[in-house]
Every structure is written in structure tokens, then in C-alpha cells.
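>>> Pasting a predicted model and its sequence here:
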Amino acid sequence: MPAELLTEESILRDCPRMSRDDRFAFRCGKDLPCFNQCCRDVSIVLTPYDVLRLKKALGLDSSEFLTRYAIAPFTRGQKFPVPILRMNPEGLACPFVTPEGCGVYADRPWACRMYPLGVADPRNPTPKDTAFHFLIREDFCAGHDAGPPVSVRDWTAGQGAEEYEMMGASFKSLTLDEFWDRAELTPAQTDMFYMACYDLDRFRRFVFETRFLDRFIVDEARVEALRSDDDELLEFAMQWLRFCLFKEKTMKIRQPVEARR
Ligand code: SF4
Ligand code: SF4
């Protein structure tokens, strides 16, 4: 099914479900007539780990990366903000595409890695309705049936997607929580969500340049890691969002001296 026709409903209803052992035939390469066509006028949703990898690869602060390379449209009914890669205004090409292919290949977003596979994750999985992969077929893509069959498992591993899945597990669990069935974030909560998920360098300043560490107990080794380790900071940010949105006890509040007495 072409990407532009895919909605959550149509995926769950119409797309043949593939397990990790199912196989499909696909090949991508410079010799194909469609080379680079998939890198223009496309909606690439960025995950927190995508932003982390890309801003690092480009040597940018997360705020600068988001300003230069992302837009975050917030449409009616949307529960939380999600950044999308900003296509060049002229010609609608991805800002990272080059005549040789993807200019950020080693750090390309998860969606680019997985293509032509998509993943559907029902919010309330049942034994019959669990996460599954599906094939995205677009008319312009000549890669279908052009290569040897490969299993979903091998394709995913070959694209380095497992690391992205591992680093995205806490975000996935956060966004699939039933909290979102009834949630309506305030503007301040929306900004906090966006900062903690995507604007990690700003989140780091929030932790270290406000009274955050006076208010919450974080052990010393972790504080040191948070200063420079983005992976650790992202995990901590997910924990923080669960505390401030879901009211889970994922943070330890420091009792004021008065109260301790
Ligand atoms: S085969 Fe498909 S994925 Fe590869 S360059 Fe062509 S359009 Fe893009
Ligand atoms: S990030 Fe790379 S693979 Fe993804 S759309 Fe841009 S150029 Fe293509």
C-alpha cells in the first residue's frame, strides 16, 4: 500500500501482517531508476533517538537541529507533538540527500532504515492484535521483487534497526500508555514533553541550570553520566515524563530540611 494512503485504521484493517520470519524480496541501489526518489516530498517522523543520533552526527545542539531540520505540526486531536524532517522548500528534497545517496546514512532515521517495511503497534494489544510489520509499496519504487527474499528479522538487523528499537523502548512504552486515551496536555506539559523527548540539550540545561537537583535525589554517578551521556539523559527524560505526566514514583523527591526535622 502506498505511504500516502496509510492511516492507523487502514494499516490495521488492510495491510497483510508480517511476522519476523516472513520474507519479502527487495533491493535498493544506485543502479535503479528510482534512486533517491524516496528522499523527496516525504514525511519522515523523527523519534527521540533519531534526533539524538542526527544532532550528534551533525555536531549540533538539539535546539539548533530542530530549528534547522524539523517541523512539529500540532494538528487537532493529536495528543503530543512529534517532529518531522523538514524538506527543502525548493524541490521538497530531504536536506540530507546527495547525488550519492543519503548524506547521513550511518545515522539515518529509523523510518528510513526500515523502508519498505512499516511497523504497527496497537495501543491495546490483545493476543490476536499484537505489533506487526507490513510492506509499503509505492509505484515509483523499483526495489520490490528486484532482490533475493529476505526475512523481516534479517532486514531489520541488516539496517541496524535493533539499536533504535532498544533505545526507543522507553519512549514507545510512554506513548502507548493508556494515559493518552484521556489526556489533554496543557501548553506547559506539551513543551515539557517536546523538550524531554527531542530537545535533549535544553533538557540537560533544565536539569543542571535550575533547582532540579535540589528538588530531586539523583545518585552522584548518574548525575555525572547525565552531564555528557545523551543516551543516559534520554532514559532519564523518559523517567521524568512518567513522573510529571503519569504521577508515577519514578523520581525521589528531596525532603526540604524543615520537613525532615
Ligand atoms: S529502490 Fe525504493 S528505496 Fe531504493 S532508491 Fe528506489 S525508491 Fe528509494
Ligand atoms: S535521511 Fe537519508 S534516507 Fe532519509 S529521507 Fe533523508 S536522505 Fe533519504
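All right, it came through fine. Ligands and ions are numbered 1, 2, ... in the order given.

>>> Enumerate the residues of the stretch 51-200 of the chain near ligand 2.
Within the stretch 51-200 of the chain, the residues that sit near ligand 2 (CB under 6 Å from any ligand atom) are 94, 96-97, 102, 104, 108-109, 112. Backbone N, C-alpha and C define where each C-beta goes, glycine included.

>>> biggest separation within the residues you listed, which pair?
Val97 and Pro109 (12.7 Å; CB to CB).

>>> Which ones among the residues of the stretch 51-200 of the chain next to ligand 2 lie within helices?
Those of these mapping onto helices are Cys112, per DSSP state H.

>>> The residues of the stretch 51-200 of the chain next to ligand 2: which ones sit near ligand 1?
Residues of those in contact with ligand 1 (CB under 6 Å from any ligand atom): none.

>>> Now tabulate the residues of the stretch 51-200 of the chain next to ligand 2 in a markdown table and tack on neighbour count and pLDDT.
Output for these, formatted as a markdown table (neighbours: other CB atoms under 10 Å; pLDDT from 0 to 100):
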| residue | neighbour count | pLDDT |
| --- | --- | --- |
| Cys94 | 24 | 98 |
| Phe96 | 22 | 98 |
| Val97 | 18 | 97 |
| Cys102 | 16 | 97 |
| Val104 | 18 | 98 |
| Arg108 | 23 | 97 |
| Pro109 | 23 | 97 |
| Cys112 | 19 | 96 |
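
>>> Could you dump the residues of the stretch 51-200 of the chain next to ligand 2 into CSV and include distance to Leu241?
Formatted as CSV, those follow (distance: CB to CB, whole Å):
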residue, distance to Leu241
Cys94, 29
Phe96, 28
Val97, 33
Cys102, 31
Val104, 27
Arg108, 26
Pro109, 21
Cys112, 26
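
>>> wait, which of the residues of the stretch 51-200 of the chain next to ligand 2 is closest to Val218?
Taking CB to CB as the measure, Val218 lies nearest Pro109 of these, at 30.3 Å.

>>> State the phi and psi torsions of that closest one.
The phi/psi pair for Pro109 (degrees, to the nearest 10) reads phi -60, psi 160.

>>> Buried residues in the lengthiest helix in the chain, which are they?
If each helix of the chain is counted by residues according to DSSP H, the longest one is helix 230-246. For helix 230-246, a neighbour-count test (16 or more other CB atoms under 10 Å) marks 230, 233-243, 245 as buried.

>>> any idea of the mean pLDDT in the next helix or strand after it?
Next helix or strand after helix 230-246 toward the C-terminus (DSSP states H and E): strand 252-253. Strand 252-253 shows a mean pLDDT of 95.

>>> quick one: contacts of strand 252-253?
215-218 (CB atoms under 8 Å, 6 or more residues apart in numbering).

>>> Dump the residues you listed into TSV; add secondary structure as well.
TSV is the format used below for these (DSSP: H, G, I helix; E, B strand; the rest coil):
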residue	secondary structure
Arg215	helix
Phe216	strand
Ile217	strand
Val218	coil
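
>>> Out of the residues you listed, which is nearest to ligand 2?
Of all the contacts of strand 252-253, Val218 has the smallest distance to ligand 2: 34.6 Å, by CB to the nearest ligand atom.

>>> Surely the closest one and Ala225 touch.
No: with contact defined as CB atoms under 8 Å, Val218 does not count as touching Ala225 (9.9 Å).

>>> Which strand residues bridge Thr98?
Counting by DSSP bridges, Thr98 is bridged to Gly101.

>>> Burial check on it, number of neighbours?
By the criterion of other CB atoms under 10 Å, Thr98 has 13 neighbours.

>>> And for Asp191?
Neighbours around Asp191, by other CB under 10 Å: 14.
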